[in-house]
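*Asks:* Sequence below, structure please.
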Amino acid sequence: MRFIEAYKAVLLHILADAKLRTTTSIHHNLISARTFASKHPGLLGKTIDAMEAAQEPLAPSVASAVRSMQVKQWIYLRQTTRYAVFLDTDTDNAFEVRALTDPLNAVAEAPPILVETGLFRYEGVVVCDGLLLNTIFLGRGYKASFDANYTRLRKAGRLYKTAEQFEQVFMPVQR
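*Replies:* Down below sits the predicted model:
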């Protein structure tokens, strides 16, 4: 719960600082703030820095996780007992994704779906923030195609399971 409360605090700071319209739904407010942050690169980091300056610091592991957030459309292909399988929309990479609390199939439509959500690295694994937006159900024909892409990616070594692998895909070392 440490991550959830800290992430929520960051998003609520963004909501207030950007003077975004609020609703009675905390879920919708969090999605609104995350969407705003995804359109303003660096805003999550600036908000974390401002919170630290205001004596509201996040645990280093949480701050690092939030800074690594990748919000975009993902293909949520399937659910196993331990993780969900996500593909990027270009089907260049596949990820084993953990949930913070409930498995994604408990809060989302049955896979496969196309969904906008945030993935990040946290405590050694890739995690979904659980804020799902614009879900589109994908039929059987798409599932067969995405299953074939998943198999291709897995065989090619492009199924990423760890936080370090996620970081290498999205935050390559500048040389």
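
*Asks:* Now do the helices in the chain.
*Replies:* Applying DSSP state H to the chain gives helices spanning 2-17, 26-38, 43-53, 60-67, 104-107, 140-155, 163-170.

*Asks:* Between those, which one is closest to residue 80.
*Replies:* Counting by C-beta to C-beta, residue 80 lies closest to helix 104-107 out of these; the figure is 9.7 Å. Using the backbone N, CA and C atoms, a C-beta is placed for each residue, glycine as well.

*Asks:* helices or strands up against the closest one?
*Replies:* Packing partners of helix 104-107 (3 or more C-beta pairs under 8 Å, 6 or more residues apart in numbering; DSSP states H and E): strand 70-79.

*Asks:* Could you chop this structure up by domain?
*Replies:* 2-66, 69-170 (automatic domain parsing).

*Asks:* Lowest average confidence across helices and strands of the chain, where is it?
*Replies:* Least confident helix or strand of the chain, by mean pLDDT, DSSP states H and E, is helix 104-107 with a mean of 88.

*Asks:* Using PDB, list the CA coordinates for that one.
*Replies:* Presented in PDB, the C-alpha positions along helix 104-107 are these (Å, rounded to 0.1, in the frame of the first residue of the first chain):
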ATOM      1  CA  LEU A 104      -5.900  -7.100 -13.900                       C
ATOM      2  CA  ASN A 105      -8.600  -9.500 -15.000                       C
ATOM      3  CA  ALA A 106     -10.500  -8.700 -11.900                       C
ATOM      4  CA  VAL A 107     -10.700  -5.000 -12.800                       C
END
